[in-house]
Structures are given as C-alpha cells and as structure tokens.
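1. 3D model of this:
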Amino acid sequence: MKKYISILLVFTAVLLSSCKVGVMSESYGLEDKGFIQVVSDTKKDFVVLVIDDIKRFEIKIDKTKKMNVRGKKYTISTGKHNIKIYSQAGNLLYNKMVFISTQQSHVIKL
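-> Numbers count the residues shown, from 1 in each chain. As a prediction, this is how the structure comes out:
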C-alpha cells in the first residue's frame, strides 16, 4: 500500500510540475489619432488653428531649436483635413489640405 501511495505522490508531483501556464501576451494596435505641432523661428505667442472650418481654437507656437523641436502637440483625428492658421489680428498665415495617418506628427513651420 505504501508503494502505491508513493508512486501516486511521485506521479502527481511530476504532473503538477510539468504543468506550466503559457506566457501571457497581449498586443494592441495603434490609437487612431495623429498630432499637429506649430513651430516658428520667431517667437509668436498664440495663433488660431482652424480644422476643416469646424474646430477653432487658440494654440501656442513653439520656437524651433537648433537640434530639435519640443513643445505642445495637438491631437487630431486621422484622415484628410483642411488646416488654416490665423494670426491674432486675423491674417491668414497657413492654409493647406493635409493627410494625417495613425500616430503621425505633422509639424507646421510658420
């Protein structure tokens, strides 16, 4: 009887030690959005950004540096958009149709 119990215990130990949960991994796609950043060599405070003649808001212009551009990026949906930028006085500074793809950063230089 002891022999059967010890064989059963060894068999159970082998079964339990051989069971391994697989590596759990999850994959996610990219978020369906893009980014717009407005930069200039000269310091301007704020401009008005108009997207598709629907969304209109004030944004801050980032100053370009020698090596890179850091600053505020504004989120925009992907696809084709008509981007207009006006000065605070109302002058049109930029007017272009752009295509924004997923996770793309579109830099507009004034």
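2. if I read this right, K63 contacts D45, doesn't it?
-> No. With contacts counted by Cβ atoms under 8 Å, K63 stays clear of D45, the gap being 10.9 Å. Every C-beta, even on glycine, is put in place using the N, C-alpha and C of the backbone.
3. Could you check which of those two has the larger neighbour count?
-> K63 (13 against 8; other Cβ atoms under 10 Å).
4. List the beta-bridge partners for the more buried one.
-> Judged by DSSP bridges, the bridge partners of K63 are S40.
5. swap in V48?
-> Residues in beta-bridge contact with V48 (DSSP bridges): E58, Y86.
6. And the helices in the protein?
-> Here the chain has its helices, by DSSP state H, at 2-18.
7. Show me the strands in it, by range?
-> Secondary structure of the chain (DSSP state E): strands at 33-40, 46-51, 55-60, 62-63, 74-77, 79-86, 92-100, 105-109.
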